[in-house]
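1. below are the sequence and a predicted model; questions follow.
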Protein chains: 4
Amino acid sequence: MTSTTSEPGKLRIALIGYSFMGSIHAQAWITAPRFFDLGVVPVLAAVCGRDQEAAQSFANRFGIGRVETDWRTLVADPDIDAVDICAPGSLHAEIAMAALEAGKHVLCEKPLANTVGEAERMALAAEEAKARGALAMVGFSYRRTPALAYARELVRDGRLGTVRHIRASYLQDWIVDEEFPLVWRLQKDKAGSGALGDIGAHIIDLAQYVTGHRLAGMSALTETFVKTRPYAGSSSGLQAQLGPEPASGLRAQGHEKPERGAVTVDDATVVIGRTAEGALATFEATRFATGRKNAIRLEVNGSRGSLAFDFEDLNELWFHDHTDPAESSGFRRILVTEPNHPYAGAWWPPGHGLGYDHAFVHQAADFARCVARGEQPEPSFAEGLQIQRLLEAAEASAANNAQWQDVTAGA
Amino acid sequence: MTSTTSEPGKLRIALIGYSFMGSIHAQAWITAPRFFDLGVVPVLAAVCGRDQEAAQSFANRFGIGRVETDWRTLVADPDIDAVDICAPGSLHAEIAMAALEAGKHVLCEKPLANTVGEAERMALAAEEAKARGALAMVGFSYRRTPALAYARELVRDGRLGTVRHIRASYLQDWIVDEEFPLVWRLQKDKAGSGALGDIGAHIIDLAQYVTGHRLAGMSALTETFVKTRPYAGSSSGLQAQLGPEPASGLRAQGHEKPERGAVTVDDATVVIGRTAEGALATFEATRFATGRKNAIRLEVNGSRGSLAFDFEDLNELWFHDHTDPAESSGFRRILVTEPNHPYAGAWWPPGHGLGYDHAFVHQAADFARCVARGEQPEPSFAEGLQIQRLLEAAEASAANNAQWQDVTAGA
Amino acid sequence: MTSTTSEPGKLRIALIGYSFMGSIHAQAWITAPRFFDLGVVPVLAAVCGRDQEAAQSFANRFGIGRVETDWRTLVADPDIDAVDICAPGSLHAEIAMAALEAGKHVLCEKPLANTVGEAERMALAAEEAKARGALAMVGFSYRRTPALAYARELVRDGRLGTVRHIRASYLQDWIVDEEFPLVWRLQKDKAGSGALGDIGAHIIDLAQYVTGHRLAGMSALTETFVKTRPYAGSSSGLQAQLGPEPASGLRAQGHEKPERGAVTVDDATVVIGRTAEGALATFEATRFATGRKNAIRLEVNGSRGSLAFDFEDLNELWFHDHTDPAESSGFRRILVTEPNHPYAGAWWPPGHGLGYDHAFVHQAADFARCVARGEQPEPSFAEGLQIQRLLEAAEASAANNAQWQDVTAGA
Amino acid sequence: MTSTTSEPGKLRIALIGYSFMGSIHAQAWITAPRFFDLGVVPVLAAVCGRDQEAAQSFANRFGIGRVETDWRTLVADPDIDAVDICAPGSLHAEIAMAALEAGKHVLCEKPLANTVGEAERMALAAEEAKARGALAMVGFSYRRTPALAYARELVRDGRLGTVRHIRASYLQDWIVDEEFPLVWRLQKDKAGSGALGDIGAHIIDLAQYVTGHRLAGMSALTETFVKTRPYAGSSSGLQAQLGPEPASGLRAQGHEKPERGAVTVDDATVVIGRTAEGALATFEATRFATGRKNAIRLEVNGSRGSLAFDFEDLNELWFHDHTDPAESSGFRRILVTEPNHPYAGAWWPPGHGLGYDHAFVHQAADFARCVARGEQPEPSFAEGLQIQRLLEAAEASAANNAQWQDVTAGA
C-alpha cells in the first residue's frame, strides 16, 4: 500500500487548534525533519482557529502562511495532505471523519473521542480510509518518551519474564484550589470526562503499550472533591471561550462573589483490574495530588525483572534484572540517552537529557515516516477505541458502586 | 485505673515463639529500658516453644532463665505479668484469651487473628480484661517507625489539610521463584491469608493510623500466581514443622522431583476504597514485586500538603507544604532523626539513622509505659478487630468479582 | 547605547561550525523567537564549514540559504549582523576578533580561548567593539538551565545567607575505554586543555554565577590516566579532520594494530580553592567517572540554607531552608517548571520538563534581546577571560605540585 | 598466637567513658553475642567516668556492676580482660598504652590520638603487646556498615577494575549557629583538630579501606568560619566539664552577654590528593553544610565500574557495572540486606534495614572474635597511625598555603 501527498516529498499539514497542544505540535512538525530522516518533509500549510486574530498571531509565530476559522475549508482543500487535530475532544469525531473521508491523513489528539460511539465510528472510518491510502493515528505522545519506548523493548525482549503487576498513576495538582475556575476541562459536555480521560487515558495506554497486555476487566471509583467552581472570566482565553456561562439572569444581578457552576467530571479516578494475560493492574489518575505536577508513574513487575518510571525524571528508566545474583542486584537507574536507545541517537550525547516536547517531535517523525512508507502508524484509531472502551468501563463501574466490568468482548 | 505487676518495678514477660519475631521482640524488651524511661523494667522471664532444644538455645542467647514447651504453663503462672505472642496467627486467639483471662497483660503480633470471629472474641476479652487491669495491644510495629509516627503528627497538626488521597503499597518478592517451598505462610489454615493479612494488614493499619481516617468500603482483587509449590523439607525449621505434609502414599513412591501442594492463600491483593471521611484509597500487597524487598510505601495528599514514605529509606519522610510559594515549594526530604521527632531523641545525634528493629524497641517501651501507668496501649484489640474486618471484606470482595463491600457497620 | 542590524527587525546570523554545537545552536536560533519575545527576529543567514558538502547538508537540514567554507567571507559581509562561533577553541580568538573588528555581534562558545593571552585580546576587542555598538558574549549555556538560573535567584535573594561551601563536579565517562581514539579534544594544540577547559570551565562558571563569589586562589592536580590512544581514522568526521596524523614512516609499516599517539591534555582535574568572599570551594572535572554521563553537580551551603543540583535531573533544584523548624526541614525537590521560574513560563505547564537543548534557546533569546536593546549580554568576554585565568591557574598549580595560585590580581 | 581471658569463655570489659560513644559501645557489647557467634562472650564488667553519679546512673542503665572514677584502677585489675576507650582524644594515648602494658586488649575510639607522636607510641606499644597476646584495635566503626563492607568486597573482587577516582565528603551542620557554645570538640587541646580529625578521619579511613589504596600526597585547606563562640555553661554535662573556662576576672564582672572564647580547630577541611596506586582523591569534611546531618558520601570510579554511598541512606550501595551493555547499564541501588552481604545475614530478612548502631555491634563482634582466635583485629593501631599521619599532613599543608605534602614515607 502506498500513500500519496499533494506535492512530492512534502507532507502539507493543516493544524486545527492553536493553544498549548497546537504550539507543541507546530514546533514538533518543524523540528522533526531536522533530526530524523523521514522520507517526506512536513510543512505546516495552515492553522485553523475560531478566533481569527489569535490564530493569525499563532501563524506568524510559527511561520504558517495560511489561517482559517472553519476547519471544513481545510478539509476540503486538495492542497492539504494531513489534518492534525488539537481541538477539544467534543470535536474530534466530526473533524477526523470528514478529513478521512476527504482522503487526508489524520493525527488526532487523545483521547480519541468523548464517547465509545464516536470512537467506534472513527475507527471504522479509519479502517475504510486506510484502504484508500489515508492513514490515521491517535496522539498518545508519551509512548515516544525514550524511556518508555525502551521499557517496551525490555518487555518485548523477555527481560521481565512473565508480567504479574502493572502499577500506574498520573498525579497532578492544578485544581486543588477550590477557587480555580470552571474551565472547559471540568465540563463533561466539552471534555467527556475529567482526570480519567485527560490523564488516566495516558497511563492506561502506556501500561498496555509497555507490557503488551490488554485489560480484561476492572472495577473503578471516581470522585469529585470540589463540587462547584467559579465560572471562568472572559479574560482567560480559549478556556473561557469554551467554558459554560451562567444564566443571564444570575449574571445581571451583579453579585460581587463570582457565580459558581457544577463540576461535572471526575477530579480523580482509581481502578483495579486484570489483564487478559493474567496480570493485576492498578491505575490512579488525579488532579488533587498536592505537590505532584505531572507525575506519570509506571511500575511493572515480572518473573525475571521489573521496571519503574516517573515522568518527573523523564530521562530515567529503572530496571531490575532478577537474573543477577541477589547480592549485586538492584534497580538500575538507566539514563535513556544512549545512541541505541529509541529516538535518543538523533539528539545529543549521552547524559544530555531531553524534555517533554521531544516526544511530540518523535510522534511527528513516526507519523511522517509511516505516511511516506504507506504504513499504519501506531497507535491506530482502533487502539484509541479500545482505550475509549476502557474509559467508559471505568465510568460505568464507578457509577455502579465499583461493579466489575468485563471488557474482553470489546477489546 | 491501675495495673499491677508481680514484683514492684518489674514487668515479667513470657515470650511465646522464638523465631524471627521472637528474637526481635526479645531484643526489644532488653533494649527498651536502656533508652527510654518506662516506669517499669521489662524482664524476659520465660520463653515458650514446641521444640525444647531450640527454645533452650534461644533462651541461652537472650539470657532467659526459663523454657517451657506448653504456653498454658506460663499463662497459669502468677510470676508472669505479661504474655508476648509471637506464634502463628492460628494460635493467637486461644493464647491471648487464656492469658487475659488469667489477668496477664498481652502483646499480640499482627494480624490479630485469622478470622473476624476470633478477633471479635479477642476484642471482647480485652475489653473485659481491661476492667480488671489487664491490658492488651496488637503489634503493628511499623507505627513506631519515627518517620511514620511523625507523619501522623503532621496530619494531626493540620499540615495536610483535608486528606483526599491515600496510596499505599507493600511490595516484596521472596516467593517469585516457583520452586520456593510451601511454607506455613502459604497455607490458609495456618496463616489465614497470604500477602493480604501478612503485609496488607500493615499498610491498611498505617494508612488509618497516619491519616486518622477509617475505611468505609472497598473493592478488591486477589491472585495466586503460582498455584502449587514443593512441600517444604524437614530441614527448614519452624516453617517446615508447621507446613503441611504430603499424603504418605505419595511420599512412599520416592519420586525424585519434590511433591507439590496447593498454595491456598493470595500471592497479591489490590484494593480500591473510600474512607468515611471522604478520601479515595488504594492498597496493594504483593510478594511478587521483583526487586522490591520490603517496600512499604505510603503517600497521602491533602488540600494543604502531602507526605510520602518508603520503608526502603526508613529514616526519611517526604513532606510537601502546599502553603509555600509555588516557586520554592517541593517535597522535602526530612531526616526523621531530630531530637524532637517521635522516639528519635532517645537515640543518636541527627542523621544517624535507625533500623527496622528500633520500632520494636519503641513498641516494647510504649507497652511497658502503658502498663506502668495503667493506660490502654495503642493499637488496642478493638483496632486489631477493625483491621481484621477490613481484611475479611477484601477477601469477600475478591471472592465475588470485586463486589463492593460496605464496612462502615463493622467499624 | 543602541546596536543596529542590517535589516530592521532581523538579526542575520552566520554560524561557524556545523557539528554537535552547530546543530544545537541552529535549532536554538530557529526556536527562540517562537517562544520568547525578543524585539528582533534571528535569521540563520549562513553557515560556514571547511567541508563544503557536509556544510551544505547541514544548511539543507536547517533551511540555511548560504554556505561558505571560509569564515572570513562572512565576517566581511555587510549582510551579516552576528557571528556565532562553534568552531574548536584554537580558532575562537581569530574569528571573534575579526568579527568584532568588522562590527558584528559575536556569540562565542566556551571556553573563550585556549590561552589567557588570546582571551585578554578578545576581552579587549570586545570592550572596544562595545563602544561601537557590537556586543560579545561567551556561551556558558548551562547558566540558562532554569534550575541553575533559579539557584542564582535564591542566593541573590539571601535565601542561603552567607555562602560557606561550594562543591562542584562535572563527571563524564566517554573516554574510559583505552582504545577510544585520539580525537581533537584530546590534543592540547587543538583543545587547549582536556577535562579542565571542556567541562571544568562550566562548573567554575556556574559556581561563580550562582553564588556571585569569585575564586581568589587555588591548588590543583591533573592526571592523564591513559597516556596514548589510537589515531582517529579518517572516517570519523570533524574530529578526525582535526586530529593529528602519525608520521608517514610509521604509517607505511602497515602495522595491524592501530598506531597510537600521546594524549596531551588532562583526563581529570581536581581543585581546592577559596573565594574572595570567604568560601571554600572544591571542583572536579573528569572524563573517567564510569557510569556518569553528564553529571554536573553543584552544592552550595550557606548560613541560612543550601542548594544542590545534578544535571542528570536537570529540571530539579534541591533547596534546604535552614530557617524552617528543624523537625520539618529538609532538602526540597523543587521542579523548576513553574510559570515564574526563569525561562520556564515560556514553555509548558508545571511538571513538563525541559531538556538540555532548551538552555541554548534561552541563550539565543537572551543574546538577541540584548542586541535589540543594545545591552551587554552576560557572560561577557571579560567574564570569559576571568574563567580563562582560573583555568590557567589550575594548570600552573598542577604543573608545580599543586602549588597555591593566587588569582585575585587577575580577577 | 593465642590470647587469654580471665575467665574461660568470657571477655571482661572495662568501658572508659559513658556519654554518646559510651552508650553505643555498651549496647554493642551486650547485643553482639546474641546475633553473632563469637567464641567468647563479652561482659561489661565496669565503667569508668570522672563524675561518680553520672557513671553510676549509666551503670544502672546497662546493668554494669562496677563503677570507677579512675581508669588506672581498672587497668591494674586482673579481672579486666579488655579496655574500651571512649574518652576524648587527648586521653587515648595514656590509657591505651597503660592498658596494653598491663596485658589488656584495647579497643580505642578514633582518631587514634591527637598527634602523630602519640600515635607512634601507641602503635609501637600495640606491636609489642601483640607479642604478649594483647590485641589492639581502633574504632573506625563505619567500616562495619554492611554497604561499605560490601563496597570493599566489590573492589577486591575486581568489579571496579583499576580505581581512578575517590570522591569523599562528610557533611554535618551542627555548629552553623554562631551562638552554639564552645564545647570541647571545638578546642584544639582537647580534640586535636576539628572537622578534620572528628569526621575527616572517617572518610579518609573509608576511602582507603574500600579501595585498598593508600594516600601518597595531598594538598589541603582548612577554615574556621566562626572564630569565637560563647563559653559552654556548667549544665551541659561532659562537654562542659571538658570545655575551657573564662578567666575568673572576666566571669566576676557578670556580663549579661555570654563571654566568648576562640575556636581553635577547623570548621571545615578540603583536600586533594593522589594515592600510591595512581588515583586522584578529594576529601571534604565540614560542620557547616546546612541541611546535611551526617552525610558520609563516598564515590569510587574505576575502569570497569563505579560505586557510590551516602550514609543518609545507609542500607544502600549504588554500583555501576561498566561491563554491562551501555543501553541497559546504570547505577544499581543495591539494598545491602541480603543474607550473603557482610553482617546482614545475622539480622533480619532482606529489605529490613539496619541503623547507625548496628555497625558498633559488628565492631564489637569482630573484636571479640579476634580475641577469641588470637588474631589481629582490623584496623590496627598501625592503621590508626597512618591515618594520623594523613591528618597531620593535611594540617601542615593547610598551615602552609596548601603546600603539597608527600606522605609516602610515613605510610
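-> Done, it's in.

2. does residue A:38 touch residue A:368 like I think?
-> Yes: Residue A:38 is within contact range of residue A:368, at 4.4 Å (criterion: CB atoms under 8 Å). For the C-beta atoms, the positions are set from N, CA and C on the backbone; glycine is no exception.

3. so what would you say the end-to-end distance of stretch A:191-199 is?
-> Terminal residues of stretch A:191-199 lie 12 Å apart, using CA to CA, to the nearest Å.

4. ignore what I typed, I meant stretch A:270-284.
-> 4 Å.

5. hmm, back to that, quick one: which of residue A:38 and residue A:368 has more around it?
-> residue A:368 (26 against 21; other CB atoms under 10 Å in any protein chain shown).

6. and the helix or strand where that one lies, what other elements does it pack with?
-> Element membership for residue A:368 (DSSP states H and E) is helix A:358-373. If contacts are counted by 3 or more CB pairs under 8 Å, 6 or more residues apart in numbering or on different chains; DSSP states H and E, helix A:358-373 sits against strand A:10-16, helix A:20-35, strand A:41-48, strand A:105-109, strand A:136-139.

7. can I get the CA coordinates of it in CSV?
-> Only the C-alpha atoms of helix A:358-373 are listed here, as CSV (Å, rounded to 0.1, in the frame of the first residue of the first chain):
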residue,chain,number,x,y,z
HIS,A,358,10.8,15.9,22.3
ALA,A,359,8.2,13.1,22.4
PHE,A,360,6.0,15.2,20.1
VAL,A,361,8.9,15.5,17.7
HIS,A,362,9.2,11.7,17.7
GLN,A,363,5.4,11.4,17.2
ALA,A,364,5.6,13.8,14.2
ALA,A,365,8.5,11.9,12.8
ASP,A,366,6.9,8.5,13.2
PHE,A,367,3.6,9.8,11.6
ALA,A,368,5.5,11.3,8.7
ARG,A,369,7.6,8.2,8.2
CYS,A,370,4.5,6.0,8.1
VAL,A,371,2.9,8.3,5.6
ALA,A,372,6.0,8.2,3.5
ARG,A,373,6.1,4.4,3.6
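
8. residues contacting that helix, please?
-> A:3, A:5, A:11, A:24-25, A:27-29, A:31-33, A:35-36, A:38-42, A:81-82, A:105, A:107, A:135, A:137, A:139, A:141-146, A:343, A:347, A:375-378, C:355 (CB atoms under 8 Å, 6 or more residues apart in numbering or on different chains).

9. which ones are touching residue A:327?
-> Residues in contact with residue A:327 (CB under 8 Å, 6+ apart) are D:150, D:334, D:338, D:340-341.

10. and residue A:323, by the same measure?
-> A:304-305.

11. so it, which state does it fall into?
-> coil (DSSP: H, G, I helix; E, B strand; the rest coil).

12. kindly report the same for the one 4 residues further on.
-> Assigned by three-state DSSP, the conformation of residue A:327 is helix.

13. for residue D:146, see how far away it is.
-> From residue A:327 over to residue D:146 the distance is 11 Å, taken as CB to CB, to the nearest Å.

14. for chain B, state which of the contacts of residue A:327 is nearest.
-> residue D:338 (8.4 Å; CB to the nearest CB).

15. from residue B:25, how far out is the closest one?
-> 24 Å.

16. the two: which is more packed in?
-> Remark: of residue D:338 and residue B:25, residue B:25 carries more neighbours, 29 against 20, as counted by other CB under 10 Å.

17. so what's the more buried one up against?
-> So residue B:25 contacts B:15, B:84, B:86, B:107, B:360, B:364 (CB under 8 Å, 6+ apart).

18. now swap in residue A:121 and tell me
-> Contacts of residue A:121 by CB under 8 Å, 6+ apart are A:93, A:97.

19. would you say it is within a helix?
-> Yes: with three-state DSSP as the criterion, residue A:121 is part of a helix.

20. check it and give its pLDDT.
-> Here the pLDDT value assigned to residue A:121 is 98.

21. just name the shakiest helix or strand of chain A by mean pLDDT.
-> In chain A, no helix or strand scores lower on mean pLDDT, DSSP states H and E than helix A:237-242, which sits at a mean of 37.

22. what is the neighbour count of residue A:325?
-> Residue A:325 has 8 nearby residues by other CB under 10 Å.

23. sorry, that was for residue A:192
-> 26.

24. selecting buried members of the contacts of helix A:358-373 in ChimeraX, what would you type?
-> For the buried members of those, the matching ChimeraX selection, counting by 16 or more other CB atoms under 10 Å in any protein chain shown, is:
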select /A:3,5,11,24,25,27,28,29,31,32,33,35,36,38,40,41,42,81,82,105,107,135,137,139,141,142,143,144,145,146,343,347,376,377 /C:355
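
25. just the terminal-to-terminal distance for stretch A:341-349.
-> Stretch A:341-349: ends 12 Å apart by CA to CA.

26. any residues touching that stretch, and which ones?
-> Here stretch A:341-349 has contacts from A:35-36, A:144, A:146, A:149-150, A:153, A:336-339, A:354, A:358, A:362, C:20, C:24, C:174, C:293-294, C:356-357, D:327, using CB under 8 Å, 6+ apart.

27. list the buried ones in it?
-> For stretch A:341-349, by 16+ other CB under 10 Å, it's A:341-344, A:346-348.

28. out of these, which is nearest to residue B:73?
-> When the buried residues of stretch A:341-349 are ranked by distance to residue B:73 (CB to CB), residue A:341 comes first, at 66.3 Å.
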